[in-house]
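# below: sequence and its predicted model.
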Amino acid sequence: MSFEKLQIIEPIIKALKNEGYTHPTPIQEQSIPLILQRKDILGCARTGTGKTAAFAIPIIQILHQEKHLLKKQHSINALVLTPTRELAIQVRNSFETYGKFAGLRLLTVFGGVSQQMQVNELRKGVDILVATPGRLLDLMQQQLVHLSDIRLLVLDEADRMLDMGFVRDVRKIIAQVPARRQTLFFSATMAPEIGKLAASLLKDPVKVEITPVSSAAPAIHQSLFYVEKKNKLPLLMHLLNSRKIQSALVFTRTKHGADKVAKALNRSGVRSEAIHGNKSQTGRQRALQQFTSGQIKVLVATDIAARGIDIEALSHVFNFDLPNVAETYVHRIGRTGRAGASGIAFSFCDPEEKSYLKDIEKLITNSIPVMNDHPYPVDTSVNADQVGARATEVTGHTRPRRIVHAERKNYNRSGR
């Protein structure tokens, strides 16, 4: 099916053709007609399926076609809430791309930078506002943003919004949005808590679910390396140097871990940058730009900071630390193998992480192929309980098997 068959208007078709887009992805094909029919949507799709375009394209069309119905020119008629700065910027870029010939004004507001430039743009008038909850709520409390004209509301990456502790802010914001509105709710996962939030916001929604979170793109080749924690860095360097790796996104569990890995790689001659919540907005954007342009080979990231990173040509993803939430594994490796391209995902597992591995393989209903041919093999018969017992003998303290995600809810209200 072509975009023309979805009854997309000519200005948007022209913009899509300029970008080389001819056929919609499954979530776009299903969501766009429903949104144009002014239905509330409950969308569930894993990373890389094209869900941003699934809501951006019809929103642009609705606002373009109904300009004569708007109360005043360039009032905020569409609001998109996202959990992170990077994702907000990515979403705004998508709106700019698809709405290039539609004549709509766009603005992104997020924390971590001075608000003055954002306020100046607000005063000029905005049709579509993309925002992180913290900064938007700050601007609302200062009476600098008014949401009384909102006709379309989007919650993007709702699961991450919940995980980052933004639900209270989101509810405060939505309380200021007119009850008569169209609401589009998108999430990569649909846990019970997400379902409850959606039920409180949507009216008779149509559910659109594409590729459940338990599945990874078939074009992604997955491999598992059992390795002691102390040998993860040497193994990473070995793989980066011994294989033809064009670009690699390396996931760590903590901010400190991301910094440590990036510094070690740079010392070994592999140009790298870390990206996480403690980095300034300028630093994060510079690192991302250097990575996408090929100036650096490796970007080391935490899970939350990686939301919003959209790199089509990414060849490799490394799980330097296995995630302690199984669904996160699917989202991580989904950063590669996009748009029909192949990708490679390498995962390191030390003895303490075997319980995480078990959860991951249960979710994806498959065993990840084990690679034994590397310089730092480990005895896989040693389990996490034995490691914990050894740690107790040495230190007198029991080391917990489950490691609490060090980034979770460790964010201020600026959306960082």
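That came in fine, so what should we check first?
# my read is Leu147 is in a strand, agree?
No. Using DSSP: H, G, I helix; E, B strand; the rest coil, the assignment for Leu147 is coil, not a strand.
# touching, it and Asn77? I think so.
No. With contact defined as CB atoms under 8 Å, Leu147 does not reach Asn77; the gap is 10.0 Å. Every C-beta, even on glycine, is put in place using the N, C-alpha and C of the backbone.
# looking at these two now, which is surrounded by more residues?
Per other CB atoms under 10 Å, whichever of Leu147 and Asn77 has more neighbours is Asn77, with 24 against 19.
# distance of the residue lying closest to the more buried one once chain neighbours are set aside relative to Leu201?
Using CB to CB, 6 or more residues apart in numbering and skipping the chain neighbours, the partner closest in space to Asn77 is Arg151 (4.9 Å). Counting by CB to CB, to the nearest Å, the gap from Arg151 to Leu201 is 15 Å.
# ditto for Val298
Distance, Val298 to Leu201, by CB to CB: 39 Å.
# okay, now stretch 105-124: how far is its last residue from its first?
9 Å (CA to CA, to the nearest Å).
# show me what counts as buried in that stretch.
106-113, 115, 118, 121-122 (16 or more other CB atoms under 10 Å).
# ok, and what's touching that stretch?
Contact with stretch 105-124 is made by 74, 85, 88-89, 91-92, 95-96, 99, 125-132, 134-136, 138-139, 144-145, 280-282, 412-416, as judged by CB atoms under 8 Å, 6 or more residues apart in numbering.
# could I get the full set of helices for the stretch 301-416 of the chain?
For the stretch 301-416 of the chain, the helices defined by DSSP state H, counting those that start in this stretch cover 303-306, 326-333, 354-364, 384-395.
# mean pLDDT lowest for which of these?
Note on the helices of the stretch 301-416 of the chain: lowest mean pLDDT is at helix 384-395, with a mean of 40.
# for the protein, which spans come out with low pLDDT?
Low-confidence segments of the chain, defined by pLDDT under 70: 46-48, 68-73, 163, 211-218, 281, 304-313, 337-341, 379-416.
# please parse it into its domains.
Using automatic domain parsing, the domain parsing of the chain gives 4-210, 220-395.
# and the last one, how far out from the chain middle?
For domain 220-395, the distance from its own C-alpha centre to the chain's C-alpha centre is 16 Å (CA atoms, centre = their mean, to the nearest Å).
# residues of stretch 136-151 that come out buried?
Within stretch 136-151, the residues scored as buried using 16+ other CB under 10 Å are 136-140, 145, 147, 149-151.
# out of those, who's nearest Ala175?
Using CB to CB, Leu147 comes nearest to Ala175 of the buried residues of stretch 136-151, at 9.5 Å.
# quick check: the closest one vs Phe3, distance?
For Leu147 relative to Phe3 (CB to CB), the value is 31 Å.
# one more: Gln28?
Gln28 is 8 Å from Phe3, by CB to CB.
# the more surrounded of those two?
Ranked by neighbour count (other CB under 10 Å), Gln28 and Phe3 place Gln28 first, with 27 against 20.
# wait, the more buried one sits on Ala54?
Yes. Taking contacts as CB under 8 Å, Gln28 lies within contact range of Ala54: 4.5 Å.
# re earlier: buried members of the contacts of stretch 105-124 into ChimeraX, please.
Selecting just the buried residues from the contacts of stretch 105-124 in ChimeraX takes one command, with 16+ other CB under 10 Å as the test:
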select :85,88,89,91,92,95,99,126,127,128,129,130,131,132,134,135,136,138,139,145,281,413,414,415,416
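# mind checking which of the contacts of stretch 105-124 are in strands?
Among the contacts of stretch 105-124, the residues falling in strands (DSSP state E) are 128-131.
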